[in-house]
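Visitor: just need the structure, nothing else, for what follows:
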Amino acid sequence: MLGQTFGGRYLVTEALGRGGFGSTYIAEDIQRPGSPRCVLKVLRFQSEDLDLLAQVRRMFAQEAETLEKLGEHPQIPRLLASFEENNEFYLVQELIEGESLSQVLKPGYQLHEAEVIALLDDALGILEFVHGQQVIHRDIKPENLIRRSKDHRLVLIDFGAVKTLDTLTRPVTNAPQPSIPVYTTGYAASELCLGQPRYASDLYALGVIGVQAVTGMHPSQMNSNPQTCELEWRDHAATSDRFAAILSKLIQFHFNDRYASASQVRQALKTVLVPPTRLHLPGEENGFDDLRSVEDQRTPTVIEPPVPITKPLPWQWITGGSAAALALAGGVWVSHQIPQGAKTSPSIAAAVRQQISSGERVLTNDDSASKQNGTEHLAAGQNIAAISALEKNRGKDRSDPETLIYLNNARIPQKSTPYTIAAVLPFNSQTKTANEVLRGIAQVQDQLNQAGGINGKPLKILLADDQNKPDVAKAIASALVEDQSVLGVIGHGSSDATLAAAEVYKKAELVAIAPLSSAVKLSGFSPFLFRTMPSDQLPAKQLADYVATKLKKKRVAIVYNASNTYSKSLKDEFKNAFFYSNQGGHRQRDRSQPRRLRSRRQPQGHTAGQGRSHSPGHQRRQT
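Guide: Predicted coordinates for the structure are as follows:
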């Protein structure tokens, strides 16, 4: 097949897969400018029976008609052509560039609950359309959900197993049936295995994907309850009870016990997505009250929650940007009153001003003419012209979050008093990471403002580039503190930059959420500092367990940067975790180790164990 041309225009260049009905290839459309790539599906049916061939031809035409109709949805590949050649049937579809969920849901890797909610919501939006066309996919699985590269939305592929409801309800005849049941073990509901698929069958498969995402386990690794035949997964995931109940209902054994439609599931997910009316300060109601002094236990003021978000959130953005933005916009505690219409202090140094922008200057390395034109108009107070230029730039690149934020800022009436938060990130030193966080922030701002804002007030975003340098981060933090309109900060990048800025925020009692910093030193650092990712203790423990249990190593050498807070933090946590992985003093001394690794004789009254002490200041060995 490789190198052959079909339909007079589709040149096969790469094999994708082979199944019971035929094969799938990547091809080039040599009759179009640039020879764009597409997916070519070859459906083979060898038979001398003309009546049976005619029936297959009718089913193929019906399949093509269904795919044409489904391709109207932006998250389903478009059907480009269908034809028959030498009694073989060909479907040509849009090629989706991206990675499948099977590449994301790796064994042992658990997604955060917010990520899984956004993932399910995005996929359910597709199923709402598919089921509305009276079509059941029947083979929902991670391999058939592609995270599209250009916009990071999920795309549902491989409708080779689809059947419309009128086909499913036709009376059985004695005529030979060329089709066979198609499903994937582990994701197939009981009724689908019996050849009686329903809409709830697709929902079951999506529920299993959700369980796989929160547990890090393939469905084949999970046990089933012998009485109910349902997966036993709850003990393997850290999820809220409300979300766990939704997943459990999705994967009920009998379809009557599941949700009746994708819309019902999305409505249920909204109850989990709504931001809380308040967030606990570090240590509150968690047994860590000793981390805060009496002076730090202040009575906070509560900001009312925003309008509930009803649009889907791209799942891969939620952990960094969206979670932080939802927290600041929806329920962050601040200990000072919110000033109305406050102006930026004129004392901010000009050099620092160049690192801060609400649309007056481009902070990223994007030098597109329309974007530069838009920022110039914003700097001159010409919002209408700015909107036009930024909309033009967004039409060229819808994945650029900076453009969307500036566009939303430009749409805010100049005489209004919006709620303002700042996003401080290393835009040029860590461009990819910063943009991922910024996409979540841009998405939340866009959704809030389209829904009418927070209590009728729009949300404005200030951007700042701290260059991942502590001194720059501290200067920017001082500037943001002086700007009394800023209610909170999402940032910074490295742990060093976050610590430098957090000192300033703590003194000014300004709330900050760190989406990228993991140093243990940040834990309990300030009642005004939050973060959206775990500390270095978790990855250090996993790494130590791997070295100790999988590699069976008792001694390791650690190379780290002593001047870098993150590097030193990870080193310290790994050393502590590795000590306990080797069971510390419960092991006998390894006499094969060089004598130079032994410490001096211990003082009387002290006992030392085998391996490194978990205290950084003591590396003792049993003598």
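Visitor: please parse this structure into its domains.
Guide: Using automatic domain parsing, the domain ranges for the chain come out as 5-94, 98-170+180-273, 334-531, 536-623.
Visitor: weakest of those in terms of mean pLDDT?
Guide: When the domains of the chain are compared by mean pLDDT, domain 536-623 comes last with a mean of 59.
Visitor: can you tell me the element F530 falls in?
Guide: strand 529-531 (DSSP states H and E).
Visitor: any buried residues in whichever helix or strand comes after that strand, and which?
Guide: Remark: after strand 529-531, the chain's next helix or strand is helix 537-545, criterion DSSP H and E. Buried positions in helix 537-545, judged by neighbour count with 16 or more other CB atoms under 10 Å: 537, 540-541, 543-544. All C-beta atoms are positioned from the backbone trio N, CA, C, and that covers glycine.
Visitor: picking that back up, any idea which of the domains of the chain is most buried?
Guide: domain 334-531 (a mean of 20; mean count of other CB atoms under 10 Å).
Visitor: so how far is that one from its chain's centroid?
Guide: Distance of domain 334-531 from its chain centroid, counting by CA atoms, centre = their mean, to the nearest Å, is 21 Å.
Visitor: the strand holding F530 pairs with which strands, parallel or anti?
Guide: strand 511-514 (parallel) (DSSP bridges).
Visitor: follow-up on the earlier one: tell me the one among the buried residues of helix 537-545 nearest to M59.
Guide: L543 (53.7 Å; CB to CB).
Visitor: residues contacting the closest one?
Guide: Applying CB atoms under 8 Å, 6 or more residues apart in numbering, we find L543 in contact with 574, 577.
Visitor: OK, contacts around the closest residue to K106 other than its chain neighbours?
Guide: With sequence-adjacent residues excluded and distances taken as CB to CB, 6 or more residues apart in numbering, K106 is closest to G216, at 7.7 Å. Applying CB under 8 Å, 6+ apart to G216 gives the contacts 105-110, 236.
Visitor: roughly how far apart are G216 and Q450?
Guide: 35 Å (CB to CB, to the nearest Å).
Visitor: then D29?
Guide: Distance from D29 to Q450, by CB to CB: 37 Å.
Visitor: next one: E232
Guide: Taking CB to CB, one finds E232 at 42 Å from Q450.
Visitor: same question, I490
Guide: Distance from I490 to Q450, by CB to CB: 20 Å.
Visitor: likewise for A464?
Guide: 25 Å.
Visitor: same list (the contacts of G216) but as JSON lines, adding distance to E360 and secondary structure.
Guide: Output for these, formatted as JSON lines (distance: CB to CB, whole Å; DSSP: H, G, I helix; E, B strand; the rest coil):
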{"residue": "L105", "distance to E360": "42", "secondary structure": "coil"}
{"residue": "K106", "distance to E360": "42", "secondary structure": "coil"}
{"residue": "P107", "distance to E360": "48", "secondary structure": "coil"}
{"residue": "G108", "distance to E360": "46", "secondary structure": "coil"}
{"residue": "Y109", "distance to E360": "41", "secondary structure": "coil"}
{"residue": "Q110", "distance to E360": "42", "secondary structure": "coil"}
{"residue": "H236", "distance to E360": "50", "secondary structure": "helix"}
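Visitor: check these and tell me the two furthest apart.
Guide: K106 and H236 (15.2 Å).
Visitor: now do the contacts for A540.
Guide: So A540 contacts 570, 573-574, 576-577 (CB under 8 Å, 6+ apart).
Visitor: mind putting these into CSV with distance to V208?
Guide: Listed next are these as CSV, based on distance: CB to CB, whole Å:
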residue, distance to V208
L570, 35
E573, 34
F574, 35
N576, 37
A577, 33
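Visitor: please identify which of those residues is nearest to K550.
Guide: Here the nearest of the contacts of A540 to K550, counting by CB to CB, is A577; it sits at 14.1 Å.
Visitor: how about the closest one, nearest residue that isn't a chain neighbour?
Guide: Closest to A577 by CB to CB, 6+ apart is A544, at 3.7 Å.
Visitor: how near is the closest residue to E113 other than its chain neighbours to Q212?
Guide: Spatial nearest neighbour of E113, excluding adjacent residues (CB to CB, 6+ apart): T239 at 5.0 Å. Noted for T239: a distance of 13 Å to Q212, by CB to CB.
Visitor: which residues sit in contact with S240?
Guide: S240 is in contact with 113, 272, counting by CB under 8 Å, 6+ apart.
Visitor: ok, now with 10 Å
Guide: By CB atoms under 10 Å, 6 or more residues apart in numbering, the residues touching S240 are 113, 117, 246, 272.
Visitor: surely R411 is in contact with A386?
Guide: Yes - if you go by CB atoms under 10 Å, R411 and A386 touch, sitting 9.4 Å apart.
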